[in-house]
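1. Below: sequence and its predicted model.
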Amino acid sequence: MEPIDIVGKAKEDASLPKGYLIAATMTKIIKEMLPPDVRVARDTQDLLIECCVEFINLISSESNEVCGREDKRTIAPEHVLKALEVLGFGDYIQEVYAAYEQHKLETMETVRGGKCTNRAEMTEEEALAEQQRMFAEARARMNGVANVGKQAEVDPSLEAKS
């Protein structure tokens, strides 16, 4: 019998991809959040990634239930915000909503400015740089930095691997 998670799928079917981009980005975030003299074991990094997967599963499942109680078929941002509240993460709602609003603004600016790019056509390096930029912006918002630049610092060790 396969282990089943909260959304009813087999564990291996419901996990984030552990490919190069996800692992490299998570490792970079972990290193940036800790003092420079602290090292993190590989199994600890894997555990942190698994915690992220479980958190996403939990929020997704509760969002789905909130959506269902409203007789809706599509999970909307307000369902996710309600799920955070129901699950006891109400303290994060304001920050999550602010990040969502910022994302909407950036998306509109990109489409209006004619900069809309087909992400499927991005090279791996371009996708990694874009992902790192978005994580840097989210991290800055989380840390209360008012103006976040569009250009995120790219980890030179990741560029060397490409």
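-> Alright, I've got the coordinates.
2. What score does Q45 have for pLDDT?
-> With respect to pLDDT, Q45 scores 86.
3. Please spell out which residues along the strand or helix carrying it are buried.
-> Using DSSP states H and E, Q45 sits within helix 42-69. Of the residues in helix 42-69, those buried by neighbour count under the rule 16 or more other CB atoms under 10 Å are I49, V53, N57, L58, I59, S60, S61, E62, S63, N64, V66, C67. Glycine gets a C-beta too; all of them are placed from N, C-alpha and C.
4. quick one: the strands in the chain?
-> For the chain, no strands are identified by DSSP state E.
5. Can you find the helix or strand in it with the smallest mean pLDDT?
-> Across the helices and strands of the chain, mean confidence by mean pLDDT, DSSP states H and E is lowest for helix 156-161: a mean of 46.
6. before we move on, back to that, the helix holding Q45 packs against which elements?
-> helix 20-33, helix 77-86 (3 or more CB pairs under 8 Å, 6 or more residues apart in numbering; DSSP states H and E).
7. for those helices, which one ends up most surrounded?
-> Among these, judged by mean count of other CB atoms under 10 Å, the one packed with the most neighbours on average is helix 77-86 (a mean of 18).
8. circling back to that earlier point, just send the helices and strands packed on helix 42-69 back as TSV, with mean pLDDT and distance to E95 too.
-> Output for the helices and strands packed on helix 42-69, formatted as TSV (pLDDT from 0 to 100; distance: least, CB to CB, whole Å):
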stretch	mean pLDDT	distance to E95
helix 20-33	77	16
helix 77-86	96	10
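9. For A129, see how far away the residue lying closest to M26 once chain neighbours are set aside is.
-> Once flanking residues are discounted, M26 sits nearest to I49: 5.5 Å by CB to CB, 6 or more residues apart in numbering. Taking CB to CB, to the nearest Å as the measure, I49 and A129 are separated by 21 Å.
10. picking that back up, I'd like to know which of the helices and strands packed on helix 42-69 is closest to E125.
-> helix 20-33 (10.2 Å; CB to CB).
11. could I have the closest one exported to CSV, CA atoms only?
-> Taking C-alpha atoms only, helix 20-33 is exported to CSV below (Å, rounded to 0.1, in the frame of the first residue of the first chain):
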residue,chain,number,x,y,z
TYR,A,20,18.7,21.3,-10.6
LEU,A,21,16.8,24.6,-10.5
ILE,A,22,14.7,23.8,-7.4
ALA,A,23,17.6,22.3,-5.5
ALA,A,24,20.0,25.1,-6.4
THR,A,25,17.4,27.8,-5.6
MET,A,26,16.5,26.2,-2.2
THR,A,27,20.1,25.8,-1.3
LYS,A,28,20.8,29.5,-2.1
ILE,A,29,17.8,30.6,0.0
ILE,A,30,18.9,28.5,2.9
LYS,A,31,22.4,29.9,2.8
GLU,A,32,21.2,33.5,2.5
MET,A,33,19.0,33.2,5.5
